[in-house]
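Asks: Show me the folded form of this:
(2 chains)
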2 protein chains.
Amino acid sequence: MKQILIITLIVFVQCKVEAQQINTDSTQIAKIFDWSLNHAKAYDNLNVLCKKIGHRLSGSAGMYKAENWALRTLKEMPFDTVYFQECMVPKWVRGKNENASFVFINNKSSKTKGKYGKLNVLSLGNSEGTNGKPIIGPLVIINDFDELEKRKDEIKGKIVLYNFAFKQSYIRTFNGYGDAVKYRSTGASRAAKYGAIAVLVRSVSTAPDNHPHTGALRYDTNYAKIPALAIGVNDAILLNSLYKNGKIDISINSDAHMEKDTIGHNVIGEIYGTNKLKNYITVGGHLDSWDIGEGAHDDGAGCVQSMEVANILAAINYKPKNNIRVVLFANEENGLRGGTKHAEKAIENNENHIAAIESDAGGFSPRAFTGTMNNEQLQKFKSWLPLLWNYGITEMNSGGGGADIGPLKEKMNTPVIGLSPDSQRYFDLHHATTDVFEAVNKRELHLGAAAMAALIYLIDLNGL
Amino acid sequence: MKQILIITLIVFVQCKVEAQQINTDSTQIAKIFDWSLNHAKAYDNLNVLCKKIGHRLSGSAGMYKAENWALRTLKEMPFDTVYFQECMVPKWVRGKNENASFVFINNKSSKTKGKYGKLNVLSLGNSEGTNGKPIIGPLVIINDFDELEKRKDEIKGKIVLYNFAFKQSYIRTFNGYGDAVKYRSTGASRAAKYGAIAVLVRSVSTAPDNHPHTGALRYDTNYAKIPALAIGVNDAILLNSLYKNGKIDISINSDAHMEKDTIGHNVIGEIYGTNKLKNYITVGGHLDSWDIGEGAHDDGAGCVQSMEVANILAAINYKPKNNIRVVLFANEENGLRGGTKHAEKAIENNENHIAAIESDAGGFSPRAFTGTMNNEQLQKFKSWLPLLWNYGITEMNSGGGGADIGPLKEKMNTPVIGLSPDSQRYFDLHHATTDVFEAVNKRELHLGAAAMAALIYLIDLNGL
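Replies: As a prediction, the model looks like this:
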């Protein structure tokens, strides 16, 4: 009986301690969201990044301007140290000329002169161009790689259009992206293998519009580096409808080319932990963007949200035990050199990385965190859901992370976590000219910053 | 032993039946979302409503155009009957002239001539104007009703600015709206009681901009009907900063006035139920909008989503047992005459209303349903959450419904349910010129339509 009483007492005391702990957490988390919604500067920072600097592809003038702005801005924030971490980055240049057109001759028409039309195009990142003169050739439309293999004998000397449509049925649009992006990333080399002279890729886009969406391709060095361009979805639909009734010739002009690697930087701010150990919690986004639009959601949003974490922790007067490192990564879009360098340096410096969080899925209303970590860590991670529920985070899921923090996972087995905002709008503007500041909502952006700060607070307080 | 076996068997069979039922439901619900995301016409319909018709305040030319468009469009859809339900609606007219300006004289300045500035204003709906000549008077700024009561002796002959700021801290912005809207709806009469000659109301807005947001006021007939105008948030902040350092005179011009009631209509489409009873499940939005912008989110979105339910049920080949009634309600914004008439007619016709659903919180990403009903019904309603979770509906909450279906609740005790989309962006554009088609996302709109169709399917199949 005495034993039972003691056990009951222990359980009771434990419950009370836990209840108190949770109470403290929820008060701090309420403060985090309250402060962020009322006072955060992320939106104003994003305005400057988008409107004063604009797009900022690796190796471009915009990249250097953005790096300097970021260094300057971080220095004005409550960090203990702010610095550049150098890394070589690729320099891909779109060049001046970029256009494509078609001539259609209807099978049933007696006219010898075809119908002419222009196409909305953007060279894919890393693509080679047409060397100063147009590439002209007959079009062959391929709906997926299975069809490519079946029709491989028809490809030689042709211009291939990959007409794979983004599957709108996916509720989480990142699944649709995963499905469709392989035509953009590997389609050029797979067509070159069979003798294609250029490829067009239907834009990986959910939007009901004709804006082309660029993005990186990877050449397989076994095959010719043929030019590859994204075309607007409506243009792809138009070509497909014409294709059934006749013959289409395509003309492509592109000055796109690679230049030699150049110096870039991760831009880093750190808050020193009170325990004075080499323990780090990293939070970041990538500073580079494609060379069109303003890289507002991709990934200006993730950068300014990560920066804001420092303001938020200072505002609630929380002194982290561990070092909090904010990284604005270089070169996520076409090389991942920043993320790779950061992980290499972490190993070199014998750093212990407790967790890394990335925001690179747009600055929309936060709905979930997704984490890749071991089961025990996952249990702890998921146990925080009730603390975040009232702020719109209704899921803590297994999986994912972020491209730039991927190397930390790979090389050091660091638990990695991605912020998952509502994904409905993201692929409307991802890698397109429409990814501009005006598409970002202040409250949504600041909720995301608060969600990341809250998670860092929980990890710092409780470990992972 | 035999008894236990029999009980076990019964439980097993029951479980299997339930499992099958749930399986059927989830297959149908998957079809609903799939079809809606790929084929729904709600977005195209909204485009026509916003761009070809535009805003459509009760009694305006736009209202008549919208009613005729809606009737025509419903007739082309899979309804068994489509009809107008007549109701008298108020006719408030903004008029041609509408402007306001200020003159500021700094206390510390020796200049006698003040600093002049224009203000961004919109007369509040139902407000009277200034009768063809400006109203000019000294400004008194009041932050909330408590302050009004304390300073009631200072109000006579003055123009009052209610400078109550939308509280950004609320995660669910409708709570912030509820908090702030009373200054817009009752502020004029409360100031008139103490002799104010006009009021300005800081716009009930979450946006970091200066667009004024209109909306209805209600005059207390015990006091003078003084003019009331919304002013942009930035203008309110400016006046407040000047006010601390000197004296401000305000000049207001407004031709706003009420005309006599006119004929309007609820526009209704019905799918006849297979059970041929007078049982109804109603789904709707309101067709009227304010006389600025395009009423895209408020509530063109709710209208086209409700209409789409008919397309969706037909597409999945579901024949409802009960009558499904789609109502595009008249006059939600400044009278609720449509909703009231609809409930009156329902009583008159001895209709039995199983449930009513409204979409009037914007066409954003759906996140929840909220229902007002008895406990038993609420249990059933909440039990459907797992069926909707994968489509982004992560809450089925108690409370709420919709303004237009409120009279069904009041008069007939009908269970009422509101679609709750993500609320972060809604009060950026609610009742402002920025509520236009371009602010609506196709996928988000169609997810909302699908969510409503899925809920109607569940209610029709299982009762409530």
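Asks: tell me the contacts of A:Ile271?
Replies: With contacts taken as C-beta atoms under 8 Å, 6 or more residues apart in numbering or on different chains, A:Ile271 has the following neighbours: A:Pro78, A:Phe79, A:Asp80, A:Ala310, A:Leu313, A:Pro320, A:Asn323, A:Ile324. The C-beta positions use only the backbone N, C-alpha and C, and glycine is treated the same way.
Asks: tell me, what residue is most central in chain A?
Replies: Compute the mean C-alpha point of chain A, and by C-alpha atoms, centre = their mean the closest residue is A:Asp360, 4.2 Å away.
Asks: who's in contact with that residue?
Replies: A:Gly285, A:His286, A:Asp298, A:Asp299, A:Gly302, A:Glu332, A:Gly402, A:Ala403, A:Asp404, A:Gly418.
Asks: Give the helix, strand or coil label for it.
Replies: For A:Asp360, the assignment made with DSSP: H, G, I helix; E, B strand; the rest coil gives coil.
Asks: State the distance from it to A:Ser109.
Replies: Plainly put, A:Asp360 is 49 Å away from A:Ser109 if you go by C-beta to C-beta, to the nearest Å.
Asks: quick revisit: with pLDDT and neighbour count as extra columns, can I get the contacts of A:Ile271 in a markdown table?
Replies: Converted to a markdown table, these look like this (pLDDT from 0 to 100; neighbours: other C-beta atoms under 10 Å in any protein chain shown):
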| residue | pLDDT | neighbour count |
| --- | --- | --- |
| A:Pro78 | 98 | 13 |
| A:Phe79 | 98 | 20 |
| A:Asp80 | 98 | 12 |
| A:Ala310 | 98 | 21 |
| A:Leu313 | 98 | 21 |
| A:Pro320 | 98 | 19 |
| A:Asn323 | 98 | 25 |
| A:Ile324 | 98 | 26 |
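Asks: give the contact list for the nearest residue to A:Glu154 once chain neighbours are set aside.
Replies: Distances taken as C-beta to C-beta, 6 or more residues apart in numbering or on different chains place A:Val140 nearest to A:Glu154, at 5.7 Å, with adjacent residues excluded. By C-beta under 8 Å, 6+ apart, the contact set of A:Val140 is A:Arg151, A:Glu154, A:Ile155, A:Lys158, A:Ile159, A:Val160, A:Leu161.
Asks: could you redo the last one with a cut-off of 6 Å?
Replies: A:Glu154, A:Lys158, A:Val160 (C-beta atoms under 6 Å, 6 or more residues apart in numbering or on different chains).
Asks: before we move on, what about A:Val309?
Replies: A:Val309 touches A:Val283, A:Met452, A:Ala453, counting by C-beta under 6 Å, 6+ apart.
Asks: could you dump those residues to TSV with pLDDT and neighbour count?
Replies: Conversion of these to TSV gives the following (pLDDT from 0 to 100; neighbours: other C-beta under 10 Å):
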residue	pLDDT	neighbour count
A:Val283	98	30
A:Met452	98	28
A:Ala453	98	31
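Asks: which one of these sits closest to chain B?
Replies: Proximity of the contacts of A:Val309 to chain B (C-beta to the nearest C-beta) peaks at A:Ala453, which lies at 14.9 Å.
Asks: hang on, isn't that closest one packed against A:Ile32?
Replies: Yes - using C-beta atoms under 6 Å, A:Ala453 is in contact with A:Ile32, at 5.1 Å.
Asks: okay, and the common contacts of these two?
Replies: What both A:Ala453 and A:Ile32 touch, as defined by C-beta under 6 Å, 6+ apart, is the set A:Ile312.
Asks: for the stretch 1-150 of chain A, what are the low-confidence residue spans?
Replies: A:1-23, A:112 (pLDDT under 70).
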